[in-house]
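> Build me a model from this:
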Amino acid sequence: MNRHFGFNPADIHVMLLSHAHIDHTGNIPNLVKQGFKGTIYCTAATKELCEIMLLDSAHIQESDVKYLNKRREKQGRDLLKPLYEIADVDDAIDLMKPVAVGKEIVIDDEISFHFTDAGHILGSVSVHLNVKDNSGLKKVTFSGDIGRYNDLILKSPQEFRQADYIICESTYGNRLHDDTGNARQKLLDVVMKTCVEKRGKLIIPAFSLGRTQEIVYTLDRFKTEGKLPAINVYVDSPLAVDATMIMRKHREFFNNEIIDYMKTDPDPFGFSNLQYVRKAEDSKKLNDNKNPCIIISASGMIDAGRIKHHVKNNVGDNKNTILLVGYCSPNSIGGRLMNRDKTVRIFGEEYEVKADVEVISSFSAHADYKEMIDYLKCQNPALVKNFFSTWRV
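I've put the predicted structure just below:
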């Protein structure tokens, strides 16, 4: 569906990249493959995250195509090719040029830009353009994805200079998130009920970047406060392991609360009974582990990754709990669980849902409508000539 751009990629000279999430970056290697040779400006953290996430995307595509082509060959159908391969990812990463937040970058005589911190994920920014043409100077702002105020880890979105034109995301433009303090307590309640009272497993589907680190940091604080029971916690996602390592390197995006916490606990993403799992054989061993534990694994919607195996092996036991901590599309396995379906289809088979299903929505990395208004309060509406809102369906 995304093979063709509707324009010649070789005609584009510059890309301004707001952040590393795959819905914003996932087709960049294809753009490069089709002729884009320009500069991709982003933060250093975004470049590092893109490297691991786009390589993961390429691996998934190559694996999926190999599987699909076995069936297509038997059917006598044309074989498929991946959207892009690992070599295309390497070429794309080479074009990325890290830029510091707040530094004005001159592209040419007509265009310059700077970034401000968007607080959405590590390295995420809003983009602010100065564009000169025959009618004068125009100031254009692209919000990127707007983060949360009072985020567990990241700074709040920065104020930005007055804009003539604003392009603003509105993913949660019609709703409010739960209170984050209540979310923290609910997480602890679910841990205690599942792992202590029922002696079961708590399975947490979580995206490798952002959500996983927030959950781990919250559990780390419970451990420091003496509230976390003596159970093992596993982060079972190679991508999450890599993302956490990058997270540790970029404290410049951390808020004051976590910086203060790190004065007494230098590693907020590690504690004695936490294990990061890379190898597939170690992941499989978790299925045979009958002890109470917490397993955090990707992806958050349970539509790919190791989490599908963990849900398959645990959803049929009423001692266990599946805890959903973010948005799930209605047709995903996570969406069906969120909808309280009595069965879910995993790897082509239906499984009865006997485990408890809990939902905590406030771990979202997107601003709700009140936070979007807070983000825009720095602007004088009378001076904004036009406002464009983007949304997902």
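> distance between the ends of stretch 364-374?
17 Å (C-alpha to C-alpha, to the nearest Å).
> Excluding its own residues, what touches that stretch? List them.
Outside stretch 364-374, the residues within contact range by C-beta atoms under 8 Å, 6 or more residues apart in numbering are 120-121, 145-149, 151, 157, 168-177, 210-211, 326-327, 375. Heads up, the C-betas are built off the backbone N, CA and C, glycines and all.
> Which pLDDT value goes with the closest residue to residue 179 other than its chain neighbours?
In space, not counting the residues next to it along the chain, residue 179 is nearest to residue 362; the distance is 6.6 Å by C-beta to C-beta, 6 or more residues apart in numbering. As predicted, residue 362 sits at a pLDDT of 76.
> Now do residue 301 against residue 380, distance only.
Distance from residue 301 to residue 380, counting by C-beta to C-beta, to the nearest Å: 40 Å.
> Neighbour count for those two, which is higher?
residue 301 (22 against 8; other C-beta atoms under 10 Å).
> Quick check: that one touching residue 333?
Yes: between residue 301 and residue 333 there is a contact under C-beta atoms under 8 Å: 7.1 Å.
> Run through the protein and note the low-pLDDT ranges.
180-181, 391-393 (pLDDT under 70).
> So the spatially most central residue of it, which state does it fall into?
What sits nearest the mean C-alpha location of the chain, by C-alpha atoms, centre = their mean, is residue 209, with 4.5 Å. Following DSSP: H, G, I helix; E, B strand; the rest coil, residue 209 is assigned to coil.
> Skipping its backbone neighbours, what lies nearest it in space?
Nearest one to residue 209, counting by C-beta to C-beta, 6+ apart, is residue 243 at 4.5 Å.
> OK, contacts around that neighbour?
Contacts of residue 243 (C-beta under 8 Å, 6+ apart): 49, 52, 53, 208, 209, 212, 213.
> check which helix or strand covers it.
helix 238-249 (DSSP states H and E).
> I'd like the next helix or strand past that helix.
With DSSP H and E, the next secondary element past helix 238-249 is helix 256-261.
> Identify all contacting residues around that following helix.
Counting by C-beta under 8 Å, 6+ apart, 152, 153, 217, 221, 251, 268 sit against helix 256-261.
> Surely residue 344 and residue 334 touch.
No: applying C-beta under 8 Å, one finds residue 344 not in contact with residue 334, separated by 9.2 Å.
> Looking at the two, which is more packed in?
Neighbours per residue, other C-beta under 10 Å: of residue 344 and residue 334, the larger number sits with residue 334, 27 against 22.
> got a list of what that one touches?
With C-beta under 8 Å, 6+ apart, residue 334 has these contacts: 205, 300, 301, 302, 303, 324, 328.
> before we move on, what about residue 300?
Residue 300 touches 205, 206, 207, 211, 324, 325, 326, 327, 328, 334, counting by C-beta under 8 Å, 6+ apart.
> next helix or strand past the lengthiest helix in the chain?
Counting residues, the longest helix found in the chain (DSSP state H) is helix 44-74. Using DSSP H and E, the helix or strand that follows helix 44-74 in sequence is helix 86-94.
> The lengthiest strand in the chain: partners in the sheet, and parallel or antiparallel?
Across the chain, the longest stretch assigned as strand under DSSP state E is strand 125-133. Strands adjacent to strand 125-133 in the sheet, as given by DSSP bridges, are strand 111-117 (antiparallel), strand 136-142 (antiparallel).
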